[in-house]
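Chemist: Predicted coordinates and the sequence they were generated for:
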Amino acid sequence: MITLYLQKSYITKAQADIVMKISQTSHHNIDDILLACGFASSKEVAKVKAQRLNTEYIDLNSFTPHKKALKLIPRSKAIEYSILPLIIKDSKLIIAIDERADYKHKIYLERTSKMDVSFVISSKREILNQLMTHDYYTKDDKTLAKINELKLTSKENVNIIDLVDLLIEDAIEDNVSDIHISPEKDMINVFYRIDGVLIHYHTLPKEFQKRIISRIKHMSSLDIAQTNLPQDGQLEYNYLSSDFRLRVSSINTAYGENIVMRILKNDASNLDLNHLGLSQKNNDLMTKLFSQPTGLVLVTGPTGSGKTTTLYSSLKEVDSLGKNIITVEDPIEYQIPFITQTQVNTKIGYTFDTAIRAFMRQDPDVILVGEIRDEETAQLALRASITGHLVLSTLHTNDAVSAISRLADLKIPEYLIGSATMAIVAQRLLRKLCTHCKVKVENQEEEIKKYNIPSYLLTEHKDFTIYKPKGCEKCLDIGYSSREMIVEILVIDKHIEDMIVKSKSSLEILEYASSKGMRTMLHDGYSKVLDGKTSFEEIERMLVSI
């Protein structure tokens with residue numbers, strides 16, 4: 001069974017040996033073990049399963065389902081079964097099923113559609129992505145209807161458990177990163193953060209406040225009786241056949257406790273540099289950097305700019321079987337097989353700096369430090385990188401060059417910064433224009449002049465078209481849907497190392513790096529505008545201070 005994976009070079013011989021050993025003592029099949037270990041992606045498993053069953057595999061990223069087919073199966077069932085109706089062909093309804101290739105729902109699907117059903121195979125990730133983000137179905141109003149129904153129910157009879165579940169599930173369906181439960185004098189406002197922007201979704205009666213807060217605190221193991229001090233907790237939630245972890249924060253305000261829930265998906269199998277929206281040049285450079293045996297790579301940017309995702313994705317470029325990878329995080333956001341992960345616990349004195357000291361006695365090859373916050377952590381991280389280790393970490397700075405002065409502010413000697421640092425990656429997450437409603441900018445040349453687009457970018461994008469947002473039902477009238485990264489990658493060569501040692505200014509270092517081909521975040525963003533992916537307005541919103 002595992003031979004096909006080896007033939008297609010999806011896994012290595014070492015990975016195959018481990019899977020076979022696990023399978024001898026496990027009731028799980030080879031496909032499930034490969035997914036659980038992170039050795040194969042769901043797409044790769046789907047391709048192998050299709051070949052094994054002599055069934056067609058279909059890449060949903062290059063296929064648009066037909067509306068007539070979609071109308072035959074309810075969206076709720078499509079999500080529940082991880083299926084996607086595709087097309088009616090030769091009097092048969094063709095349906096994509098996930099890599100489990102489970103045919104047990106065929107009778108229901110044929111009865112519901114009143115047609116013979118034939119299956120093709122795709123990956124669960126692609127199917128759910130199509131259902132949730134592309135919104136071929138009109139989004140169900142059941143959640144909103146149920147919430148409105150509960151709002152009209154008497155305070156005594158309302159089911160708060162159902163209401164909290166509905167809010168969480170509604171957020172998951174809309175790809176929300178954070179849920180805000182914000183009390184006011186006479187009401188409760190519920191905000192969702194979507195693609196980095198906070199949007200008001202629901203208003204609930206004030207009478208529900210204490211019970212909603214108590215329910216969330218109970219789910220996340222917080223002290224319900226403690227209402228004055230800030231509290232942090234987390235809860236596990238299963239929905240759409242996927243496991244989610246919600247980090248919960250509570251603070252007391254003038255109108256009662258304010259709750260924020262960060263939604264994290266417990267699935268690192270699809271974290272990959274190829275999924276971040278990088279240009280081919282930047283992707284190749286990042287892959288090369290994270291494959292080096294020694295040196296410090298810093299990822300910088302504000303909170304919410306995707307730094308952690310980049311670090312986790314970078315670990316996929318490291319041979320986790322042939323190297324000892326150990327992390328200290330605050331908190332652990334994704335659990336990755338064959339990597340030793342630890343979490344900061346200040347109550348017992350386990351901090352970033354104490355962790356690095358302990359790691360040096362653990363024979364590490366790669367050390368991931370969630371964040372450099374102080375002088376001691378910075379000193380230890382840089383010294384680890386010059387003693388034969390690859391060290392990955394993050395800093396809060398606006399751009400790549402500023403990370404050098406930030407390390408200097410932490411009293412790190414210039415010679416150590418220059419010799420230990422291999423590269424600095426600064427990044428932001430830009431919203432992508434909704435493909436259903438984006439509109440062409442009338443005067444293209446005027447926009448080019450207004451933003452002073454460099455000639456080399458115009459040469460790269462000869463047949464460009466500039467778009468702007470409009471807003472439609474599919475993007476909730478926002479004009480944008482989903483995000484991808486823009487980056488600037490400062491590689492510390494010998495000349496820049498000398499400039500750091502000589503305390504040259506950030507501007508001088510930036511000018512030299514640019515002359516050697518470094519593309520700034522601003523220019524990377526302009527490139528995405530010329531590709532038709534985002535707008536100049538979005539660039540201004542994200543990079544106004546750069």
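Modeler: It's in. Numbers count the residues shown, from 1 in each chain.
Chemist: can you give me the helices in the stretch 1-150 of the chain?
Modeler: Counting by DSSP state H, counting those that start in this stretch, the stretch 1-150 of the chain forms helices over residues 3-7, 13-24, 30-37, 42-52, 67-70, 75-81, 106-113, 124-129, 142-152, given from the N-terminal end onward.
Chemist: Dump the ones you listed into JSON lines; add distance to Ile486 as well.
Modeler: Any C-beta I mention is one placed from the backbone N, CA and C, and that applies to glycine too. JSON lines is the format used below for the helices of the stretch 1-150 of the chain (distance: least, C-beta to C-beta, whole Å):
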{"stretch": "helix 3-7", "distance to Ile486": "35"}
{"stretch": "helix 13-24", "distance to Ile486": "33"}
{"stretch": "helix 30-37", "distance to Ile486": "31"}
{"stretch": "helix 42-52", "distance to Ile486": "26"}
{"stretch": "helix 67-70", "distance to Ile486": "34"}
{"stretch": "helix 75-81", "distance to Ile486": "32"}
{"stretch": "helix 106-113", "distance to Ile486": "42"}
{"stretch": "helix 124-129", "distance to Ile486": "22"}
{"stretch": "helix 142-152", "distance to Ile486": "33"}
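Chemist: For Lys307, find the nearest of these.
Modeler: Nearest of the helices of the stretch 1-150 of the chain to Lys307, taken as C-beta to C-beta: helix 124-129 at 22.8 Å.
Chemist: what is the mean pLDDT for the closest one?
Modeler: Regarding helix 124-129, the rounded mean pLDDT is 82.
Chemist: And that helix, how far out from the chain middle?
Modeler: Per C-alpha atoms, centre = their mean, to the nearest Å, the displacement of helix 124-129 from the mean C-alpha position of its chain is 15 Å.
Chemist: Then stretch 317-326?
Modeler: Centre to centre, stretch against its chain (C-alpha atoms, centre = their mean), the figure for stretch 317-326 is 22 Å.
Chemist: start to end distance for it?
Modeler: Using C-alpha to C-alpha, to the nearest Å, the end-to-end distance of stretch 317-326 comes out at 15 Å.
Chemist: Now do the buried residues in it.
Modeler: By neighbour count on 16 or more other C-beta atoms under 10 Å, the buried set for stretch 317-326 is Val318, Ser320, Asn324, Ile325, Ile326.
Chemist: ok, residues contacting it?
Modeler: Contacts with stretch 317-326, where a contact means C-beta atoms under 8 Å, 6 or more residues apart in numbering, come from 12, 14-15, 18, 273, 286-287, 290-291, 315, 336-342, 359, 362-368, 390.
Chemist: So which of those sit within helices?
Modeler: Ala14, Gln15, Ile18, Met286, Thr287, Leu315, Phe359 (DSSP state H).
Chemist: Hmm, Asp272 and the fifth one touching each other?
Modeler: No - under the criterion of C-beta atoms under 8 Å, Thr287 lies out of contact with Asp272, with a separation of 10.5 Å.
Chemist: ok, Leu407 - contacts?
Modeler: Each residue near Leu407 by C-beta under 8 Å, 6+ apart is listed here: Ile372, Ala378, Leu382, Leu395, Ile417, Thr421.
Chemist: hmm, back to that, mind picking the two most distant members of the ones in helices among the contacts of stretch 317-326?
Modeler: Ile18 and Met286 (26.8 Å).
Chemist: quick revisit: so which of the contacts of stretch 317-326 sit within strands?
Modeler: Thr340, Gln341, Thr342, Val366, Ile367, Leu368, Leu390 (DSSP state E).
Chemist: where in the stretch 401-546 of the chain is pLDDT low?
Modeler: 544-546 (pLDDT under 70).
Chemist: From the ones in strands among the contacts of stretch 317-326, keep the buried residues only.
Modeler: Buried by 16+ other C-beta under 10 Å: Val366, Ile367, Leu368, Leu390, out of those.
Chemist: on that earlier part again, got the ones in helices among the contacts of stretch 317-326 as CSV, with pLDDT, neighbour count and distance to Gln280 columns?
Modeler: Written out in CSV, the entries for the ones in helices among the contacts of stretch 317-326 read as follows (pLDDT from 0 to 100; neighbours: other C-beta atoms under 10 Å; distance: C-beta to C-beta, whole Å):
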residue, pLDDT, neighbour count, distance to Gln280
Ala14, 92, 12, 29
Gln15, 93, 21, 27
Ile18, 94, 19, 32
Met286, 95, 23, 11
Thr287, 93, 15, 11
Leu315, 87, 21, 21
Phe359, 98, 23, 34
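Chemist: Kindly indicate which of these lies nearest Tyr467.
Modeler: Proximity to Tyr467 was ranked across those by C-beta to C-beta; first place goes to Met286, at 27.2 Å.
Chemist: Quick check, that closest one in contact with Leu311.
Modeler: No - in this structure, Met286 sits apart from Leu311 without contact. The criterion is C-beta under 8 Å, and the distance is 11.2 Å.
Chemist: Now for the chain, the helix or strand with the poorest mean pLDDT.
Modeler: Taking mean pLDDT, DSSP states H and E as the measure, the helices and strands of the chain show their lowest mean at helix 142-152, namely a mean of 67.
Chemist: mind checking how far stretch 292-301 is from the chain centre?
Modeler: The offset between the C-alpha centroid of stretch 292-301 and the centroid of the whole chain comes to 20 Å, using C-alpha atoms, centre = their mean.
Chemist: got it, and stretch 176-196?
Modeler: Computed by C-alpha atoms, centre = their mean, the separation of stretch 176-196 from the middle of its chain amounts to 21 Å.
Chemist: First-to-last residue distance for that stretch?
Modeler: Distance between the two ends of stretch 176-196: 9 Å, counting by C-alpha to C-alpha.
Chemist: which residues are in contact with that stretch?
Modeler: 167-168, 171, 174-175, 198-206, 208-209, 212-213, 216, 246, 253, 255-263, 304, 429, 431, 476, 478, 480-483.
Chemist: elements contacting the helix or strand encompassing Thr459?
Modeler: With elements taken from DSSP states H and E, the one containing Thr459 is helix 455-460. Of the remaining helices and strands, those touching helix 455-460 by 3 or more C-beta pairs under 8 Å, 6 or more residues apart in numbering; DSSP states H and E are helix 521-530.
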